[in-house]
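pasting the structure only:
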């Protein structure tokens, strides 16, 4: 955090000065480790073993926060009799289909209170109809109803609490030592620190970044932390939580108001062909009117969005122009799009402030993909490598591509920067902050707002008068934003549309104040329901700037947080079931008996007049169905999910699998790697054989990638700046003294790092910041690689790109690539130049016997005869 | 050059200005005395937000004659309390560095070099190409006959320093055009 979010870290430093204990768990030693109470190095990719062992420790030592867990989680809920655990199936959950690597998730369901049947997803007649995770938005999976069977004593062997205990029973401190390389002493220190610092009086927070997300099961890493934090009662409370430290100014905003294939604004899913052919089937899939919480009102959010986009053309009769939305047929993520590029199935590509030639995994594949395009539009500040690969990219040097043969037309359009336009960024804690414009953009530079508004106008001009029904969505689009003298659209007008307004009725044209005012009858419009309120009273709430020193620590009048300016989500859980603060010290939001309202230091994240002892009518649905002690108001049963019956495709509980490339055999199960991971086999995406398979020894070491304080991502905003380039001028690798001695690396000399995809060179930094570990009885060396450099002639500094080494294997829940643990070979000296580089990579591939199937076999336990013994006896 | 007089001898100067430690006025050169902060003659200052990581530090952007002259931390921000990291502190160079490209460039098929192109013409050319790709790769139904009403002919990948309002327009426009391959750094 000190390395990549330095200014945010001032609060950690302050907490430490007030007595907080800071523990840094990371394969590398960073500026955070330097000031932490203890740095605990672990093997990259082994996090679920560590977190699972902490869960096991909490359960076996009876350290869980009993009152919180009983009231606020699904610990008591009974799971289907059909459910089988990886403990029973040697690493697989029940329902696995070896044909396509997916799970039938019906056996993971809750039992219904009324009988033996299970609680499925609404609208799903059979499990084949059940949704894939990219269809859920981020609202969480729906339930057909919330009337589930519970055992409040937590003794039923099928209740979540008991299932959890069995699932993590083998995640012991000894297993942590064997698998993560963490000593029992360090583990005990960590476990004691966390448990002693949780409960009524104290809370513990976890912060993470892409060190948890960029894995073939990244979503499950975070799930493991969520289970732990729920057991310790650290969710929805001040000083608690799991805090995603996002890496870019408004990457949170890019998810909320998404430019993502699977989402519409406000985490509404994009419709899927066949499953959501009508508005009604689409709405049924988002939330049942019988489930609890605010997703039951998805109809109002969706129809308001359609009204914002298509105005008068969206009518009750045409289902509010629902058919204007294009449909998905499976995943269309950036890596699937890359595969289509390589098959010549994509003509054009817009890169908008993004540098995939350096910043995306498997950089060579990215550049080769772009060479198959008919046209490419790059909008950026400088001539980044994604704009110039056709003349100075690595493949030009190796001779794999020849400039004169590349047919791709390239447009470089200069972009306005953050001082040259007004608009809002959403930072990592959902706080939306407005930037004012200081100057106008120079020369041809334009904001994205200006460019896309103009592009839209020209597309509509060209199609004007068309009778083709496929052009209606463009022609009927609301696109009349007011512009200034330079043609720049007014960003506040766009913000007002995002906020939403009354389309008809007495308040016609007035902004909505909260999403509770949205209606499903077409009388309201709003582009992103979770942002409703940001323009309440015609005031740009995100531009509020009451100085922090004039406010309390919540600083509620600085900018605006979604939803409804709530600064801490699920803050109903900061009070006990009766609505009293858990302790005076951790007082945050509580029930005021006199006023009959929730009150406190923040906007309550709960129906404000719902008394703690309120119980819903048996047939109620939506927000009305929330009991006064159901704090998790976006969950379909109002509870925090220790066990996730729906929503994840690779298991209702997190289970340790080795990364797709790992020199280590899975010590817990016969199943080596996540059996539901997304594989992208191909000659440009070869993988190393994992542990115990022939050829694995050719790539015996682990490499991991990361950032440095002085650079930003692929360097587009830092390697072109003289100050930052001077501060970190050169690509380097970090290796331990033991490893350097073993293979003869010289300090400040050169190393060549080779993976099945590519070979790069880096200056050698020999340091104890990187640790060699003993894993399962053998020494394992890790190589640390910052990923900011790229090959090109335009930046102030250039260097080989670490991402060129990475292969593509994706997390099945979120389609994010694993970037944090992969296999490599390391040799002293510089890499070869020209075609010799390609030959070196190819030589190692041959020695390892790689084929396109290598590393892409999902199943590594014999099918049909589950074993109890860990891998290694096979 | 300052005229040399006995009164300007360092020790006398130090005594004369009561600068006992010799670190104040006694050792100030004419150049220093004549230097003023870049912020003092700025004609505008606006509150902004740092464009790098997601902490969201407050910035004050100083401009003179429509040119950014200085960027510093905003002490009013309850998040950053006036502080910036090396990247945020260097962000003035993001505006003014010599490596910035402010003109449209075009590379024709098989060409070895960039050429210049008028912005207006560039947008026209892109609009034409987009519509061609859209038509050529249009799909009305999937293989089972379900409506899809989409184009697979073009895609976009955005960075995560694009304003909320900008992302909103991109998603709105491209979805209306029938595109589904709209992606962002948030996937990466």
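All right, it came through fine. Owing to the predicted nature of the structure, the values given are computational and were not obtained by experimental measurement.

Name the single longest helix found in chain B.
Within chain B, and with DSSP state H defining each element, the longest helix by residue count is helix B:119-136.

For residue A:60, give me its contacts.
Residues touching residue A:60, when contacts are defined by CB atoms under 8 Å, 6 or more residues apart in numbering or on different chains, comprise residue A:165. Using the backbone N, CA and C atoms, a C-beta is placed for each residue, glycine as well.

wait, residue A:4
By CB under 8 Å, 6+ apart, the residues touching residue A:4 are A:209, A:245, A:247, A:707, A:709, B:53.

Was I right to think the second one contacts residue A:211?
Just to be clear, that refers to residue A:245. No: in terms of CB atoms under 8 Å, residue A:245 does not count as a neighbour of residue A:211; the distance is 9.6 Å.

With neighbour numbers in mind, choose between the two.
Summary of the neighbour comparison: residue A:245 and residue A:211, criterion other CB atoms under 10 Å in any protein chain shown, with residue A:211 having more neighbours (23 against 19).

Correct me if wrong, but the more buried one is in a strand.
No: when classified by DSSP: H, G, I helix; E, B strand; the rest coil, residue A:211 is found to be helix rather than part of a strand.

So which bits of the longest helix of chain B are buried?
Judged by neighbour count (16 or more other CB atoms under 10 Å in any protein chain shown), helix B:119-136 contains these buried residues: B:119, B:122-123, B:125-127, B:129-134.

do stretch A:770-782 as well
A:770-773, A:775, A:780-782.

For residue A:139, give me the pLDDT.
According to the model's per-residue confidence, residue A:139 sits at a pLDDT of 50.

Can you convert the contacts of residue A:4 into CSV and add a column each for pLDDT?
Formatted as CSV, the entries for these read as follows, by pLDDT from 0 to 100:
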residue, pLDDT
A:209, 96
A:245, 96
A:247, 95
A:707, 96
A:709, 97
B:53, 96
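
Of those - the most surrounded one?
Ranked by neighbour count (other CB under 10 Å), the contacts of residue A:4 have residue B:53 at the top, with 28 neighbours.

Would you confirm that that residue contacts residue A:9?
No: applying CB under 8 Å, one finds residue B:53 not in contact with residue A:9, separated by 11.0 Å.

Give me the domain ranges for chain B.
Here the domain assignment for chain B is B:1-35, B:44-96, B:137-187, based on automatic domain parsing.

For the stretch 551-700 of chain A, give the residue positioned nearest to chain B.
At 3.8 Å from chain B, residue A:555 is the closest residue in the stretch 551-700 of chain A, using CB to the nearest CB.

so that residue makes contact with residue A:547?
No: here residue A:555 does not reach residue A:547: they are 9.1 Å apart, not a contact under CB under 8 Å.

And the two? Which one has more around it.
In terms of neighbours (other CB under 10 Å), residue A:555 is the more surrounded of residue A:555 and residue A:547; the figures are 19 against 16.

can you pull the contacts of that one?
The neighbours of residue A:555, taking CB under 8 Å, 6+ apart as the test, are A:546, A:548, A:567, B:78.

what about it, which helix or strand?
Assigned by DSSP states H and E, residue A:555 falls within no helix or strand.

Tell me both backbone torsions, phi and psi, for the closest residue in space to residue B:79 that isn't next to it in sequence.
With sequence-adjacent residues excluded and distances taken as CB to CB, 6 or more residues apart in numbering or on different chains, residue B:79 is closest to residue B:56, at 5.6 Å. Dihedral angles of residue B:56 (phi, psi; degrees, to the nearest 10) stand at phi 80, psi 50.

What distance do you get for residue B:56 to residue A:252?
Between residue B:56 and residue A:252 the distance is 9 Å, computed by CB to CB, to the nearest Å.

Now list whatever residues contact both of the two.
Residues within reach of residue B:56 and of residue A:252 at once, by CB under 8 Å, 6+ apart, are A:427-428.

Where do the helices of chain B begin and end?
In chain B, the helices defined using DSSP H lie at B:10-16, B:30-34, B:86-89, B:91-96, B:119-136, B:164-176.

Now do the fifth one against helix B:164-176: the angle between them, please.
Calculated by axes from the mean of the first three to the mean of the last three CA atoms, to 10 degrees, helix B:119-136 forms an angle of 40 degrees with helix B:164-176.

Mind giving me the packing neighbours of helix B:119-136?
For helix B:119-136, the contact count by 3 or more CB pairs under 8 Å, 6 or more residues apart in numbering or on different chains; DSSP states H and E identifies strand A:348-352, strand A:375-380, strand A:409-414, helix A:448-463, strand B:147-151, strand B:154-158 as packing neighbours.

Out of those, which gets nearest to residue A:665?
Comparing the helices and strands packed on helix B:119-136 by their distance to residue A:665 (CB to CB), the top pick is strand B:154-158, with 36.7 Å.

can that closest one be found next to chain A?
Yes: counting by CB under 8 Å from any CB of the partner chain, contacts between strand B:154-158 and chain A involve B:154-158.

Tabulate the contacts of residue A:555 in a markdown table, adding columns for distance to residue A:590.
Compiled in a markdown table, those are given as follows (distance: CB to CB, whole Å):
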| residue | distance to residue A:590 |
| --- | --- |
| A:546 | 25 |
| A:548 | 25 |
| A:567 | 16 |
| B:78 | 23 |
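
Closest to residue A:292 out of the residues you listed?
Proximity of those to residue A:292 was ranked by CB to CB; the top entry is residue A:567 with 23.5 Å.

Quick one: classify the closest one as helix, strand or coil.
Going by three-state DSSP: residue A:567 is coil.

ok, it - contacts?
Each residue near residue A:567 by CB under 8 Å, 6+ apart is listed here: A:429, A:431, A:554-556, A:561, A:602-603.

how about the helices of the stretch 401-550 of chain A, start to end?
Secondary structure of the stretch 401-550 of chain A, counting by DSSP state H, counting those that start in this stretch: helices at A:448-463, A:472-475, A:491-499.

May I ask which helix or strand encompasses residue A:70?
Element membership for residue A:70 (DSSP H and E) is helix A:66-72.

Same check on residue A:734?
strand A:732-735.
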